[in-house]
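Asks: pasting the sequence and the predicted model now:
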Amino acid sequence: MKKFMITGANFRNKGAQAMLFVTVSELRRRYPDCEIFFATAEDLNVDDYQFKTIKYKYRLKQIALGGLKGFRELLISIVADFVKIVIRYPEKKGGFFTLKNFLPQIDLMIDISGFSLGDQWNRQGQEEYLDNIRLAKKYHVKMVLMPQSFGPFDYKQDQQALHAEIRELLSYPNVVYAREQEGAVLLKEHYHLKNVRQSPDLVLQNKELDFDKVFAKKPVIKIPDILPHAVAIVPNKKCFQHGEKEALLSLYHKVIEVLLNSSIEVYVLRHSKEDLTICTMIKALFPDNQRVHLLENDFSCLEFDAVIRKFSFAIVSRFHGAVHSYKNCVPCIILGWAVKYRELALYMNQESYAFDIRANNINDAEILKYTAQMIENYQNEKMKIQEGLSQVQQSNCFNILEEVIHG
């Protein structure tokens with residue numbers, strides 16, 4: 001019986017949740033009797049799912065890695081948790097070594113992080129990402145990095161040490177799948193890695209999620225009624241971190257005015273839990289307009305997939321928000337903050353509708369021009385997306401598993 005460990009996912013972000021579900025489905029399709037463990041720091045009840053969890057908190061990872069830092073974290077854990085473990089929960093004594101004892105049993109670690117390595121992120125977050133590889137290497141666990149974004153790597157002085165770490169550690173996984181051509185080129189040319197392959201997003205490649213392989217009990221999917229001739233607006237908090245707040249709100253105001261002037265119903269909804277504040281800000285631009293609807297639902301990835309197909313097209317800033325749209329042949333105007341958005345649009349023959357809205361890059365006139373064009377042509381764009389999707393789904397990055405496990 002094969003044992004798989006999945007890292008890099010979470011339930012807060014619907015893209016990460018979708019990648020987890022697709023990964024479980026693909027694993028069970030190939031290895032029906034396998035055991036699947038989702039490594040998470042979240043406290044989750046997974047009784048309704050066909051996978052288990054393994055605690056994957058920072059302290060447990062450092063203890064498993066060992067060394068001075070691991071010893072320090074062990075001492076901190078013992079002191080911090082003394083009352084809870086010794087007095088209230090004596091049966092949990094020794095739980096600090098759960099991960100350390102568990103890792104040698106794993107046949108393959110599969111990382112499905114979306115984007116964690118590059119100069120946009122702080123040093124600590126990147127080190128924690130690299131800890132996944134350190135753990136696999138220390139315990140001789142085979143590893144695959146599934147399609148994800150990498151780079152750029154224009155690190156400032158205080159992050160220069162990451163170059164050597166990336167060169168050493170990313171050479172360990174059996175395969176490193178870069179989701180974009182830019183990332184693949186950077187890893188091959190800058191770090192001289194020989195294990196890099198390029199692959200589209202794993203959710204986009206997946207033709208159909210097998211519910212029976214993911215869920216122990218069929219999930220209940222609840223979505224609100226959507227009026228005809230409607231457009232979804234799916235913002236992203238990170239765009240407001242990489243761009244200018246007032247400029248972005250002004251852009252959304254102009255875009256929504258164009259939609260309203262074309263008798264379109266506008267729905268503002270979130271793809272990630274953290275984006276509700278941004279959705280509320282956008283709705284506040286039109287507080288008294290009943291044709292601008294705010295959906296406060298915290299949709300699951302399955303519910304988001306079901307609701308997005310109700311729209312004529314969408315204006316999306318979440319990567320997997322666009323992925324779900326394209327999977328349902330719903331055209332998008334993408335307002336993004338990284339190269340991954342443009343390369344995604346290229347796969348779907350939609351590059352004209354992908355825009356970089358980071359500070360100094362935003363072009364209101366161009367975005368409004370293509371918003372008007374999308375209103376006129378979204379039916380034709382659906383056919384272009386269908387062609388692109390058919391091409392992408394001819395391959396499947398999970399086909400590498402047999403080669404990795406038995407190679």
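Replies: Looks like it came in fine.
Asks: lowest-pLDDT helix or strand in the protein?
Replies: Lowest by mean pLDDT, DSSP states H and E among the helices and strands of the chain is helix 82, with a mean of 59.
Asks: immediately after it, which helix or strand?
Replies: helix 98-102 (DSSP states H and E).
Asks: which other helices and strands does that following helix contact?
Replies: strand 52-55, helix 58-65 (3 or more C-beta pairs under 8 Å, 6 or more residues apart in numbering; DSSP states H and E). Every C-beta, even on glycine, is put in place using the N, C-alpha and C of the backbone.
Asks: right, and the helix or strand after it?
Replies: Helix 98-102 is succeeded, C-terminally, by strand 108-111 (DSSP H and E).
Asks: who does that following strand touch, helix- and strand-wise?
Replies: strand 3-7, helix 123-138, strand 142-150, helix 401-406.
Asks: buried residues in stretch 400-407, which are they?
Replies: By neighbour count on 16 or more other C-beta atoms under 10 Å, the buried set for stretch 400-407 is I400, L401, V404, I405.
Asks: quick one: closest of the helices and strands packed on strand 108-111 to S300.
Replies: Closest approach to S300 among these (C-beta to C-beta): strand 3-7, 17.7 Å.
Asks: and the next helix or strand after the closest one, how far out from the chain's middle?
Replies: Following strand 3-7 in sequence order, the next helix or strand is helix 14-30 (DSSP H and E). Taking C-alpha atoms, centre = their mean, to the nearest Å, one finds helix 14-30 lying 12 Å from the centre of the chain it belongs to.
Asks: now the angle from helix 14-30 to strand 142-150?
Replies: Here helix 14-30 points in a direction 150 degrees away from that of strand 142-150 (axes from the mean of the first three to the mean of the last three C-alpha atoms, to 10 degrees).
Asks: and helix 14-30, average pLDDT?
Replies: Mean pLDDT, computed over helix 14-30, is 97.
Asks: D154: neighbouring residues, count only.
Replies: Counted by other C-beta atoms under 10 Å, the residues lying close to D154 total 9.
Asks: which ones are touching the nearest residue to M281 once chain neighbours are set aside?
Replies: Nearest residue to M281, sequence neighbours excluded (C-beta to C-beta, 6 or more residues apart in numbering): L249, at 6.5 Å. Counting by C-beta atoms under 8 Å, 6 or more residues apart in numbering, L249 touches M281, I282, L285.
Asks: SS state for A232?
Replies: strand (DSSP: H, G, I helix; E, B strand; the rest coil).
Asks: quick check: pLDDT value at L68.
Replies: With respect to pLDDT, L68 has a value of 73.
Asks: if you could redo that for L135, that was the one I meant.
Replies: On the pLDDT scale, L135 gets 98.
Asks: my guess is it contacts L103. True?
Replies: Yes: counting by C-beta atoms under 8 Å, L135 touches L103, with 6.2 Å between them.
Asks: give me phi/psi at the nearest residue to V292 once chain neighbours are set aside?
Replies: Spatial nearest neighbour of V292, excluding adjacent residues (C-beta to C-beta, 6+ apart): F286 at 4.1 Å. Main-chain dihedrals, F286, degrees, to the nearest 10: phi -130, psi 60.
Asks: before we move on, what about the one 4 residues further on?
Replies: Backbone torsions for Q290, taken as degrees, to the nearest 10, come to phi -70, psi -10.
Asks: mind checking how far it is from E265?
Replies: 9 Å (C-beta to C-beta, to the nearest Å).
Asks: out of these two, which sits in the more crowded spot?
Replies: When Q290 and E265 are compared for neighbours, E265 comes out ahead with 19 against 7, by other C-beta under 10 Å.
Asks: any stretches of the stretch 51-200 of the chain with poor pLDDT?
Replies: For the stretch 51-200 of the chain, the stretches with pLDDT under 70 are 71, 76-94.
Asks: same check, this time on the stretch 201-350 of the chain
Replies: For the stretch 201-350 of the chain, no range has pLDDT under 70.
Asks: what distance do you get for N289 to E246?
Replies: From N289 over to E246 (counting by C-beta to C-beta), the distance is 20 Å.
Asks: more neighbours: those two, which one.
Replies: N289 (12 against 8).
Asks: list the residues that contact the residue nearest to that one when sequence neighbours are not counted.
Replies: Distances taken as C-beta to C-beta, 6+ apart put L260 closest to N289, at 7.2 Å, once the chain neighbours are dropped. If you count contacts by C-beta under 8 Å, 6+ apart, L260 has them with V266, N289, R291, V292.
Asks: dump the residue contacts of the third one.
Replies: This points to R291. Neighbours of R291 in contact, by C-beta under 8 Å, 6+ apart: L260, I264, E265, V266.
Asks: now with 7 Å?
Replies: L260, E265, V266 (C-beta atoms under 7 Å, 6 or more residues apart in numbering).
Asks: D201 now?
Replies: Taking C-beta under 7 Å, 6+ apart as the test, what D201 contacts is P147, R179, V323.
Asks: mind doing that once more with 10 Å?
Replies: 15, 18-19, 22, 114, 146-149, 177, 179-180, 319-320, 322-323, 326-327, 340, 343-344, 347, 392, 397 (C-beta atoms under 10 Å, 6 or more residues apart in numbering).
Asks: quickly note the distance from it to R358.
Replies: From D201 to R358 the distance is 21 Å (C-beta to C-beta).
Asks: show me where this structure has its strands.
Replies: 3-7, 35-40, 52-55, 108-111, 115-117, 142-150, 175-178, 196-198, 230-234, 265-268, 292-294, 313-316, 332-336, 354-356 (DSSP state E).
Asks: can you check which of those strands gets nearest to L186?
Replies: Closest among the strands of the chain, using C-beta to C-beta: strand 142-150, at 6.3 Å.
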